[in-house]
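>>> Could you look at this predicted model? Sequence included:
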Amino acid sequence: MIYHIAATYREAGQPDSAYRAINVDGTRHVLESAVAAGVTRVVHCSTGGVHGHIANPPANEDAPFNPGDVYQETKLEAEQLAREFGAATGLDVVVARPIGIYGPGDRRFLTMFRGLARGRFPMIGNGRPFYHLTFIDDLVEGFRLCGTVPGAKGRTYILAGPRYTTLEQLVEMVAKELDVTPPRVHLPVWPFWTAGLLCEMVCVPLRIEPPIYRRRVDFYTKSRAFDTTRARTELGFVPKVDLEDGIKRTADWYRSEGLL
């Protein structure tokens, strides 16, 4: 059994060729090595980001693909490669698409938690796009099921938490856990998007992480809401950590690490 989770994520100044070399060619190397070693199943970790903005939420595994950047494009290429490789060689391949991973140990959502704790989190846009989170313990169980359920061979599964909310509702829940007032002022999108574009034009060629970039603005504007019916019915995947509990556990970890 192999769980292929390694990938290169978003990094300023990294050329497109690096994403392709690691996310696509690296996947090919893993698959070829699996066949050579007689591995019985490979669980390939993709991302829900291959669907991009969800125009008609919630999205299931058959929703249109709409990757928004080179990371998501190469992750889509890699999962398509994995499925085709499995069909051609007979290798048992299962593709998993995790959604919005969070929990103790994760720092991607630290910006939101810390910003709210310090009264410096801007609410850009109307706050109505959907956002879907998956607690790490539930995701690990989903991966275990992808690796052990016999009927999963050749299938693709979205692994997501028990429910999604609007972004504004999510911010309010985090603020409540931190015992602070959520932001009430909604700022327009276009100045931040424009600033992100200009920062990228200046910083990326110099391999400097931009202080603001368009992908961060996308967090406020693109809907991400998913339907896990397939994983529930075929794998028995039932996420157990609801948002309030997951947010509390995440905040407690941030506090224990002195990050808030």
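Right, received. Where do you want to start? Numbering: from 1, shown residues only.

>>> okay, the helix or strand of the chain with the lowest mean pLDDT in CSV with CA atoms only?
In the chain, no helix or strand scores lower on mean pLDDT, DSSP states H and E than helix 190-203, which sits at a mean of 73. Provided in CSV are the C-alpha atoms of helix 190-203 (Å, rounded to 0.1, in the frame of the first residue of the first chain):
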residue,chain,number,x,y,z
TRP,A,190,-11.3,45.3,-6.7
PRO,A,191,-8.7,47.4,-4.8
PHE,A,192,-7.2,44.2,-3.2
TRP,A,193,-7.3,42.2,-6.4
THR,A,194,-5.5,45.0,-8.2
ALA,A,195,-3.0,45.4,-5.4
GLY,A,196,-2.4,41.6,-5.5
LEU,A,197,-1.7,41.7,-9.3
LEU,A,198,0.8,44.6,-8.9
CYS,A,199,2.6,42.9,-6.0
GLU,A,200,2.9,39.7,-7.9
MET,A,201,4.3,41.5,-10.9
VAL,A,202,7.0,43.0,-8.7
CYS,A,203,7.7,40.3,-6.2
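
>>> packing partners for the strand ranked longest in the chain?
Ranked by residue count under DSSP state E, the longest strand found in the chain is strand 92-98. Under the contact definition 3 or more C-beta pairs under 8 Å, 6 or more residues apart in numbering; DSSP states H and E, strand 92-98 sits against strand 41-45, helix 70-89, helix 136-148, strand 156-159. Where you see a C-beta, it was placed from the backbone N, CA and C, and this is true even at glycine.

>>> out of these, which comes closest to residue 106?
Of all those, helix 136-148 sits nearest to residue 106, with 6.8 Å by C-beta to C-beta.

>>> re the thing from before, dump the helices and strands packed on strand 92-98 to TSV, plus mean pLDDT, mean neighbour count and distance to residue 62.
Converted to TSV, the helices and strands packed on strand 92-98 look like this (pLDDT from 0 to 100; neighbours: other C-beta atoms under 10 Å; distance: least, C-beta to C-beta, whole Å):
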stretch	mean pLDDT	mean neighbour count	distance to residue 62
strand 41-45	98	23	18
helix 70-89	96	19	13
helix 136-148	98	19	18
strand 156-159	98	25	9
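
>>> pLDDT averaged over the helix or strand following the longest strand of the chain, what's the number?
For strand 92-98, the succeeding helix or strand toward the C-terminus, using DSSP states H and E, is strand 101-102. Average pLDDT, strand 101-102: 96.
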